[in-house]
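In: Predicted structure and sequence below. I'll ask about it afterward.
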Amino acid sequence: MSLLTALVARDDTILAAHSTAGEQYFSACQTILSKIPPNDSKLTYAADQILIHYVKRDGVTALVVAEDTAGRRVPFSFLAELHRKFVAAYPMGEIAGAPAYGMNAFEPHISSLMVQYEENPPQDAIKQAQAELAATKDVMVQSIDAVLSRGERIEILVDRTDDLSSQARAFRKRATVLRRKMWYRNAKTLFAVGFSGVLLLYLLVASACGAGLNHCRS
């Protein structure tokens, strides 16, 4: 089957899911869910022969892991139908308060919908998805092929992004500390130059007027 794993989630909480590929993609799906922005969006993650698509609307995310042979029209058509059926089956108040997998009674509907879109996808739905993909400019493709081809997990890619952010913050902190050190060093230098200038002036005057400058005052 070209549709391997599908789920419905609220933010990063999976509410219902079905998979024909075991649990091998759930970790990647969980990582992607945690990185989805709060606004409505569509996105495709491209890996080695695997595409991970999601649609988020009104705080509810429908996500599917599919083989690249499925293209994008069928998966996005499937996601639109999955999202529509899920929000029709459950009120938003119930969705907002449900725990993880608290709505897994919806799993048979996900399974049957996956079979339907594998065997006989509705042509009208596919045409609608094709039109939406053509008109929507915020559907992007992010490649993770290089990461997965080395046997690494998506979490590592996310961790690297977080590491870069941490390194940037650390660099800014070190730059701030360095600026302060340079300011103190410059201040000490200016103080030393000023003190030396005053001392030199005193010595010059004292050589003519005496150490107590008494001769000059008289």
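Out: Arrived safely, thanks for sending.
In: Just give me the residue closest to the centre of this protein.
Out: Central residue of the chain (Cα atoms, centre = their mean): residue 35, 4.0 Å from the mean position.
In: what pLDDT does it get?
Out: Residue 35 is assigned 85 on the pLDDT scale.
In: swap in residue 100?
Out: 94.
In: Who's the closest spatial neighbour of it, skipping the chain neighbours?
Out: residue 13 (5.2 Å; Cβ to Cβ, 6 or more residues apart in numbering). No exception for glycine: its C-beta is placed from N, CA and C like everyone else's.
In: Against residue 204, how distant is the residue nearest to the centre of the chain?
Out: 71 Å (Cβ to Cβ, to the nearest Å).
In: Contact partners for residue 83?
Out: Going by Cβ atoms under 8 Å, 6 or more residues apart in numbering, residue 83 touches 8, 55, 57, 60, 62.
In: so how far is residue 80 from residue 37?
Out: 19 Å.
In: Could you list the domains of this structure?
Out: 3-152, 170-217 (automatic domain parsing).
In: elements contacting the strand or helix carrying residue 29?
Out: Using DSSP states H and E, the element containing residue 29 is helix 26-35. Packed against helix 26-35 by the contact rule (3 or more Cβ pairs under 8 Å, 6 or more residues apart in numbering; DSSP states H and E) you find strand 3-10, strand 13-19, strand 50-57, strand 60-67, helix 154-209.
In: from the contacts of residue 83, which two are the most distant?
Out: 8 and 57 (11.3 Å; Cβ to Cβ).
In: higher neighbour count, these two?
Out: Taking other Cβ atoms under 10 Å, residue 8 and residue 57 do not tie; residue 8 has more neighbours (28 against 16).
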